[in-house]
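J.: pasting the structure only:
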């Protein structure tokens, strides 16, 4: 009998499809289930030179099936064994690429018997989620227990969950479903991406403690895999790292994720994702483009408008906006490519989400310069009008079906793109709130009082009125979304922050808004925050802060008293670095040890009492990029490493088309 995983054409006795499962006959063509098996050190260690292959047997539905166990030095060093025997081309390719080899395992319900030494035994425990397997005598999986790789059934469930519930989110739309399944079936995909998809699919949709615990284990393993190959950036590892960072944001692990965002940006630029690839298929070009914009949206979310925390500048991105979802899914090249700053109609909701995210980043940069007190009143008024015009011009680029109305919202009640539609219009109104709130006295992000006094009173009243108007619109959209009467989709975590901010601004600016209406809006926003916090524990603090905000609004503090969050942010932060109470940077909790003296018993070194700073001005020029795209002359393109078209009968290889192997330099 042949070894499982060998080519089916070599089997002298093919199984009858009428009596035996097809999975055993076609294993060479389909990606098998995966399991990691604990390796117990035998009494006499084996080496690759002496023991190349062992065989163990399992019985499934009365049929004896053999599996191959390759005991080589790599497996021994990692306390794991490879059941594929590394006999096929895919396995050898994985080893050449420095990846851990996948190995096959019997289908669910089969139990390999122990070998002669009694070293290996797998048991599917009753009631245990499929894919979490243990040795017979082991305890439930914990952080210190051996990790079991998800099997095929769990992976397919994770893939289906991801593309059904998570791919519609604006920051996750960079994977292509058909090509990913094709690579899964061929066994040509990195473990880090499989683990990160499993982790994010569980963390954003599942509340079961056991499943979430296993998802955290997948997250840890995926992170270890990516971080151990930082010197070998690739498209897949970039995709996996982005999902790892998103997972960490979901569970509130901010400090390390903060640094990993910078690593991700560096990886993207080293792979030249910021330039449109040439010589590849449209599907590969679009996948690269979507990954680059997803990284940009993630980076702007972390930077919060602060230049020093920005690692992915829009000026360095020389690609067009993503196409419509149907065109990407079916590999249909659009007739034209729309640029970020063009005046043509925006092709789809994902492209619109990217545009409005860009506008918010520019608005935050502008208003934080205003709050620093380095701009004149005329400069402030001009800057406000300029950003207003940009927001209006963007809205006019939307097709009528993507503009907001309660009817358009109801029409998308059962659409997978509901979250993109809601994200777009909530963020558009939030942009106005961010633009005008710097002119609201009493807020930590407002411009200095001395500058406010120099501004025209009519201009100030108009801006504060518009701030209250758009804050109320945010609350109205959230209320309408909750009133749809449908099961809400997975929503971005940012919506919880906007819900808090809109109530905060209504308390400060909407004096004519009745208390009853304010409480109704606050209850809707609180309900939205709690809904998001069910799968994103990091959001729970926002709900507590919102409750405290409402309690404080009933008993306003005195003029001398500042709320705890505002005082905390204002006392220890420089004017140029004013951060929101719920900004990702402020939640990363870094410790400044510069005040600790290095040498307590030594006198200070002789030198000037103070240093003279020379040159430079705080007047920062406009950061709006040029409308023209830089020519790509001289862009490094390695010869012979880009694969065009489809990959024959084995299926199309999207990742290979997206990625240039190695590093190149201009001569």
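T.: Received it, and whenever you're ready, just let me know what you need. Just so you know, these numbers come straight off a predicted model, no measurement behind them.

J.: For burial, what's the neighbour tally of residue 236?
T.: Residues near residue 236, counting by other C-beta atoms under 10 Å, number 21. (Each C-beta comes from the backbone N, C-alpha and C, glycine too.)

J.: For the host helix or strand of it, name the packing helices and strands.
T.: Element membership of residue 236, judged by DSSP states H and E, is helix 235-251. With contacts taken as 3 or more C-beta pairs under 8 Å, 6 or more residues apart in numbering; DSSP states H and E, helix 235-251 sits against helix 191-203, helix 209-227, helix 254-270, helix 282-303, helix 654-658.

J.: Okay, buried residues for it please.
T.: For helix 235-251, burial by neighbour count (16 or more other C-beta atoms under 10 Å) applies to 235-251.

J.: again with stretch 157-170
T.: 157-159, 161-163, 165-170.

J.: and which of the residues you listed is nearest to residue 276?
T.: Nearest to residue 276 among the buried residues of stretch 157-170, counting by C-beta to C-beta, is residue 170 at 20.8 Å.

J.: Quick check, pLDDT for the closest one.
T.: With respect to pLDDT, residue 170 scores 95.

J.: Give me the nearest residue to it, chain neighbours excluded.
T.: If the residues on either side of it in the chain are set aside, residue 170 comes closest to residue 353, at 4.1 Å by C-beta to C-beta, 6 or more residues apart in numbering.

J.: From the contact counts, what lies against the helix ranked longest in the chain?
T.: For the chain, the longest helix by residue count, based on DSSP state H, is helix 457-482. Using 3+ C-beta pairs under 8 Å, 6+ apart, the elements in contact with helix 457-482 are helix 406-411, helix 418-436, helix 494-509, helix 515-533.

J.: try 7 Å
T.: Packing partners of helix 457-482 (3 or more C-beta pairs under 7 Å, 6 or more residues apart in numbering; DSSP states H and E): helix 418-436, helix 494-509, helix 515-533.

J.: Please identify which of those is closest to residue 185.
T.: With C-beta to C-beta, the closest approach to residue 185 among these belongs to helix 418-436: 29.1 Å.

J.: quick one: pLDDT of residue 146?
T.: Residue 146 carries a pLDDT value of 82.

J.: pretty sure it belongs to a helix, no?
T.: No: looking at residue 146 with DSSP: H, G, I helix; E, B strand; the rest coil, it is coil, so not inside a helix.

J.: could you give the mean pLDDT of stretch 504-512?
T.: For stretch 504-512, mean pLDDT is 86.

J.: List the buried residues for it?
T.: By neighbour count on 16+ other C-beta under 10 Å, the buried set for stretch 504-512 is 504-510.

J.: Identify each buried residue in stretch 510-528, please.
T.: 510, 513, 518, 521-522, 524-526, 528.

J.: Dihedrals phi and psi, residue 318?
T.: phi -120, psi 50 (degrees, to the nearest 10).

J.: confidence score at it?
T.: At residue 318, the predicted lDDT confidence score is 96.

J.: Need phi/psi at the residue nearest to residue 172 when sequence neighbours are not counted.
T.: Nearest-residue entry for residue 172: residue 166, 5.1 Å, with adjacent residues in sequence omitted and distances by C-beta to C-beta, 6+ apart. Main-chain dihedrals, residue 166, degrees, to the nearest 10: phi -110, psi -40.

J.: hang on, residue 166 packs against residue 491?
T.: No: using C-beta atoms under 7 Å, residue 166 is not in contact with residue 491, being 10.9 Å away.

J.: okay, now the domains of this structure?
T.: Using automatic domain parsing, the domains assigned to the chain come out as 1-139, 150-337+636-667, 352-590+619-630.

J.: circling back: which one among the buried residues of stretch 510-528 gets closest to residue 219?
T.: residue 528 (25.8 Å).

J.: got a list of what that closest one touches?
T.: Contacts for residue 528 were tallied using C-beta atoms under 7 Å, 6 or more residues apart in numbering; they are 478, 482, 495-496, 499.

J.: element containing residue 548?
T.: helix 540-554.

J.: Return the set of buried residues in that helix.
T.: 540-543, 545-546, 549-550, 553.

J.: Pick the most buried one from the helices and strands packed on helix 235-251.
T.: Greatest average neighbour count among the helices and strands packed on helix 235-251 goes to helix 191-203 (a mean of 27), per mean count of other C-beta atoms under 10 Å.

J.: Stretch 324-339: end-to-end distance?
T.: One end of stretch 324-339 to the other measures 14 Å (C-alpha to C-alpha, to the nearest Å).
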